[in-house]
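model the structure of this input:
(one chain, ligands or ions: 1)
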Amino acid sequence: MQIAVVFHSGYGHTAKLAEAVAQGVRQSPGSKALLIDVGQPFDWEQLSASDAMIFGCPTYMGGPSSVFKKFMEDSSSRWMKQEWADKIAAGFTNSASQSGDKLNTLVSMAVFAAQHSMIWVSLGLLPGNNASKASPNDLNRLGSFLGAMAQSNADQPAELAPPEADLLTASKLGLRVATIAQRLSPKAA
Ligand SMILES: Cc1cc2nc3c(=O)[nH]c(=O)nc-3n(C[C@H](O)[C@H](O)[C@H](O)COP(=O)(O)O)c2cc1C
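Numbering: from 1, shown residues only. Coordinates of the predicted model:
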């Protein structure tokens, strides 16, 4: 299984999450992660050859960063051919505020995946950090379902943010996508 982690990061925080997602993918035996930074030139054929795609970008002005949005629009020639139909898709995002309107970014990614006739995989973790004995160190501390959310304090560099809990949450998404991609693969039948 080749799982592409297709991401943009302006200042490095979301790139750290992408690496964490890739680590999760690698925990699934037989799966390899292909990190694709859409802010750099990349090979579309290599991307299309992937069994699954996990999209990631920061939330800028309440939605996907413009670099990631450009990737979405540039994929339209692939969309015309429905080249990615029936591949697994999932998403993650990161922003400075606890909410920061991150959900809108994940919704955009899910709609994008649907336009490509892809199969959206949710985060698959119960919400953490939402009870009196819960903690900000919990997995899924921001309580997302549609994909993985992370929060990076605005005054901290990528060496310090997002925190470990968010990186671990992102790695769980990578592992889940790789596991489901294996299960649904015609190669597994
Ligand atoms: C142009 C711009 C718009 C932003 N808009 C939001 C926003 O809507 N909500 C939010 O919580 N943070 C917002 N932020 C903060 C970023 O999401 C945050 O710094 C994030 O960690 C950046 O990720 P990156 O280092 O991968 O680029 C914005 C930052 C920039 C530069």
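
next, count neighbours for residue 73.
Using other Cβ atoms under 10 Å, the number of residues around residue 73 comes to 9. Quick note: C-beta positions are derived from backbone N, CA and C, even for glycine.

surely it forms part of a helix?
Yes: looking at residue 73 with DSSP: H, G, I helix; E, B strand; the rest coil, it is inside a helix.

how about the helix ranked longest in the chain: buried residues?
Counting by DSSP state H, the longest helix found in the chain is helix 164-184. Along helix 164-184, these residues count as buried under the neighbour rule (16 or more other Cβ atoms under 10 Å): 165-182, 184.

elements contacting that helix?
Helices and strands touching helix 164-184, by 3 or more Cβ pairs under 8 Å, 6 or more residues apart in numbering; DSSP states H and E, are strand 2-7, helix 13-26, strand 52-60, strand 88-95, strand 148-151.

what about the residue nearest to residue 32 when sequence neighbours are not counted, neighbour count?
Closest residue in space to residue 32, ignoring its immediate chain neighbours: residue 2 at 5.7 Å, by Cβ to Cβ, 6 or more residues apart in numbering. Residues near residue 2, counting by other Cβ under 10 Å, number 17.

and the residue located most distally from the centre of the chain, what element?
In the chain, the residue that sits farthest from the middle, by Cα atoms, centre = their mean, is residue 132; the gap is 29.3 Å. Residue 132 belongs to no helix or strand when assigned by DSSP states H and E.

residue 42 belongs to a helix, doesn't it?
No: using three-state DSSP, the assignment for residue 42 is coil, not a helix.

from the ligand, how far off is it?
According to Cβ to the nearest ligand atom, to the nearest Å, residue 42 and the ligand sit 17 Å apart.

how about residue 165?
To the ligand, residue 165 is 15 Å away according to Cβ to the nearest ligand atom.

OK, contacts around that residue?
With contact taken as Cβ atoms under 8 Å, 6 or more residues apart in numbering, residue 165 is in contact with 128, 136-139, 141.

now do residue 119
Residue 119 touches 86-89, 113, 184, counting by Cβ under 8 Å, 6+ apart.

how many residues are close by the residue of the chain at minimum distance from the ligand?
Residue of the chain nearest the ligand, by Cβ to the nearest ligand atom: residue 100 (2.1 Å). Neighbours of residue 100 under the rule other Cβ under 10 Å: 21.
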